[in-house]
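Student: Provided below are the primary sequence and the corresponding predicted coordinates.
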Number of protein chains: 2
Amino acid sequence: MKDLLEERDAWSMANCSIARTLEIVGNRTALLIMREAFFGTRRFDDFAKRVGISEPAAAARLKELTAAGLLERVPYQEPGQRTRYAYQLTQKGRDFRTVIVALRQWGDAWATDEQGPPVVVRHEHCGAPVHAVLRCDDGHDVPIGDSFVDAGPGLIRVSPDSP
Amino acid sequence: MKDLLEERDAWSMANCSIARTLEIVGNRTALLIMREAFFGTRRFDDFAKRVGISEPAAAARLKELTAAGLLERVPYQEPGQRTRYAYQLTQKGRDFRTVIVALRQWGDAWATDEQGPPVVVRHEHCGAPVHAVLRCDDGHDVPIGDSFVDAGPGLIRVSPDSP
DNA sequence: CAGCTGACTTACGATTACATAAGTCAGCTG
DNA sequence: CAGCTGACTTATGTAATCGTAAGTCAGCTG
């Protein structure tokens, strides 16, 4: 294991990917709206009702997620109805699926009651439950403890005393 | 693809694993503290400084994460120093690693600048970058779109008009 | 035993995130 | 063209979250 702690204080986290991600989805309701989007919810009222939040809260989150490019407003028209707008996952939003699966998986394992989880994600072709796992680019599974943190191309080093 | 939208309004999300998870880590700073814990940070002041939050905020989050069982306070003593307490990941906390990796991975892909990500997680044995991927229990990789949501053992169905 | 240090807590104000209630607005229906 | 409906917005109040500044407290050091 490389000794990363030694050098940790010299890292600037100004461009941390996690921090940037959390500026978009770093609150409870935004993540629950993403959950609903993966369930297939598309319409404004359904988001508010199914997530269990007020309409102003739903409007604010949907606006933020749309501005951030995870959702897009697309027009649709039901027969005999006027044109309305639905909130649909973009590629950027669909790619967030791993986070949602990982969150549910942790909750299933550590925060569920006796009855077990309410929903299960299954593989379309074989029906087996789907899990998020860690794997390296060489194809090895990576159990807990078998990884280390390395400097990336965007790492900014600062003197220990500067902000 | 099963038509889950039809039935969605009959689901109660009272015991949703994601919602329960987000009651613990559903704010920005709690997730950033978990990031730091995976970097190897253990001490109070280091959490506050490296996450970039105030001491009261760090104290509140660390207390919540400890109460929830993701971290534990363990005594330690440096030579010539008095006994102090460090915040260490528990098994419950270590199991959260998949979420942190998934969040960083999404940020690396969608919220990074030209310089690239600041840090990279690598496999201890081969050095290759580690990713979070979705896989089913039969061992198949599950690309986006090749999964569906099924009822789990804990699913509670309610009449459409009840709260 | 006075001073220092790490690990917090307390006090207070600002900001953000929510809920409730009500209003708006477009456009199809009757 | 009045009414209805889905999709919002506005107004207002509360609770949670955060920062700044200051204080506490235990126990090693000199």
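Tutor: Cool, got the structure.
Student: now residue A:129: how far from residue B:153?
Tutor: Per Cβ to Cβ, to the nearest Å, residue A:129 is found 12 Å from residue B:153. Yep, even glycine has a C-beta here, placed from its N, CA and C like the rest.
Student: between the two, tell me which one has more neighbours.
Tutor: residue A:129 (18 against 11; other Cβ atoms under 10 Å in any protein chain shown).
Student: could you give the bridge partners of the more buried one?
Tutor: Per DSSP bridges, the residues bridged to residue A:129 are residue A:122.
Student: didn't it look like it was pressed against residue B:137?
Tutor: Yes: with contact defined as Cβ atoms under 8 Å, residue A:129 counts as touching residue B:137 (5.3 Å).
Student: can you name the residues of chain A that neighbour DNA strand D?
Tutor: For chain A, the residues in contact with DNA strand D (Cβ under 7 Å from any atom of the strand) are A:43-46, A:55-56, A:59, A:62-63, A:73, A:84-87.
Student: pick the one among those closest to chain B.
Tutor: residue A:46 (8.0 Å; Cβ to the nearest Cβ).
Student: tell me which element the closest one falls in.
Tutor: Per DSSP states H and E, residue A:46 falls inside helix A:44-51.
Student: identify all contacting residues around that helix.
Tutor: Contacts with helix A:44-51, where a contact means Cβ atoms under 8 Å, 6 or more residues apart in numbering or on different chains, come from A:29, A:32-33, A:35-36, A:39, A:41, A:54-55, A:57-59, A:62, A:87, B:8-9, B:13.
Student: check what pLDDT the spatially closest residue to residue A:124 that is not a sequence neighbour gets.
Tutor: Excluding the flanking residues, the one nearest residue A:124 by Cβ to Cβ, 6 or more residues apart in numbering or on different chains is residue B:146, at 4.5 Å. On pLDDT, residue B:146 comes in at 93.
Student: where's residue A:22, which helix or strand?
Tutor: Residue A:22 is part of helix A:17-25 when elements are defined by DSSP H and E.
Student: counting by contacts, list what that helix packs against.
Tutor: helix A:28-39, helix A:55-67, helix B:28-39, helix B:97-110 (3 or more Cβ pairs under 8 Å, 6 or more residues apart in numbering or on different chains; DSSP states H and E).
Student: quick one: mean pLDDT over stretch A:22-35.
Tutor: In the prediction, stretch A:22-35 has an average pLDDT of 96.
Student: and that stretch, how far apart are its ends?
Tutor: Start-to-end span of stretch A:22-35 (Cα to Cα, to the nearest Å) is 16 Å.
Student: now render the helices and strands packed on helix A:17-25 as a markdown table, adding mean neighbour count and distance to residue B:22.
Tutor: Formatted as a markdown table, the helices and strands packed on helix A:17-25 follow (neighbours: other Cβ atoms under 10 Å in any protein chain shown; distance: least, Cβ to Cβ, whole Å):
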| stretch | mean neighbour count | distance to residue B:22 |
| --- | --- | --- |
| helix A:28-39 | 22 | 5 |
| helix A:55-67 | 17 | 13 |
| helix B:28-39 | 22 | 10 |
| helix B:97-110 | 23 | 11 |
